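[1] generate a structure from the sequence data that follows.
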Amino acid sequence: MKKLGAILSLFLIIALVFYSFYGLTPHYDGDETAPAIEFSVDRALHPLSEISKKPHYLGSDAHEEVREFLISELRKLGLDPHIQKGFSLNPESKTLDKPINIVARLKGMEDGKALLLLSHYDSALVPSFGASDDGSGLSAILESMRAYLASGNTP
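    Numbering: from 1, shown residues only. Below is the predicted model of the structure:
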């Protein structure tokens, strides 16, 4: 009988530990069907999966593919993206880079302050797929703009 009590006690302790950790773990039910005027994590993940397919460091073919994808996504939102080219000197590595910025502007109806949504779209030179290297920031910006434009509001 003592053996059975010990086994039941051990089982109860394991169950309580599992339950306590399970209760602390965030749960996500998905929001693919969220109204168009709301930010949707599921919809934001679609561009992230495209952006993070492969490493896309500055100068790589994949970097150009990501740039073209972002331009295409901005055009789907009805924006008119422009390219800015320049040079950047990195004093640490003593390299001269030629970054290419994508700029899209949503014109306001009145004079006043502007809001800048900014993110970089290159991944680190080390083998990084870029999801956490601001690919998530790009996806959040795209989904935020999509939801804002779907609301019919004008800045």
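
[2] which parts of this structure are helices?
    Listed in chain order, the helices of the chain (DSSP state H) span 2-24, 41-51, 61-76, 136-150.

[3] from residue 149, how far out is the spatially most central residue of the chain?
    Geometric centre of the chain, nearest residue: residue 136, 1.6 Å, by CA atoms, centre = their mean. With the distance defined as CB to CB, to the nearest Å, residue 136 ends up 20 Å from residue 149. Using the backbone N, CA and C atoms, a C-beta is placed for each residue, glycine as well.

[4] okay, now residue 42: neighbour count?
    13 (other CB atoms under 10 Å).

[5] mind listing what the closest residue to it other than its chain neighbours touches?
    Of all residues beyond its chain neighbours, the one nearest residue 42 is residue 32 (4.1 Å), with distances taken as CB to CB, 6 or more residues apart in numbering. Contacts for residue 32 (CB atoms under 8 Å, 6 or more residues apart in numbering) come out as 40, 42-43.

[6] let's have those residues in CSV, adding pLDDT and distance to residue 19.
    Output for those, formatted as CSV (pLDDT from 0 to 100; distance: CB to CB, whole Å):
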residue, pLDDT, distance to residue 19
40, 94, 31
42, 93, 28
43, 94, 33
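
[7] wait, which of those is closest to residue 14?
    residue 42 (34.3 Å; CB to CB).

[8] count of neighbours near residue 102?
    Residue 102 has 17 nearby residues by other CB under 10 Å.

[9] would you reformat the contacts of residue 32 as CSV and include distance to residue 61?
    Shown next, in CSV, are the contacts of residue 32 (distance: CB to CB, whole Å):
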residue, distance to residue 61
40, 31
42, 29
43, 27
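
[10] quick one, which of the helices of the chain gets closest to residue 122.
    Closest to residue 122 of those, according to CB to CB: helix 61-76, at 5.7 Å.

[11] show me the shaky parts of the chain.
    Scanning the chain for pLDDT under 70 picks out 1, 125-132.

[12] what's the closest non-adjacent residue to residue 122?
    Counting by CB to CB, 6+ apart, residue 58 is the residue found nearest to residue 122 once chain neighbours are left out, at 4.7 Å.
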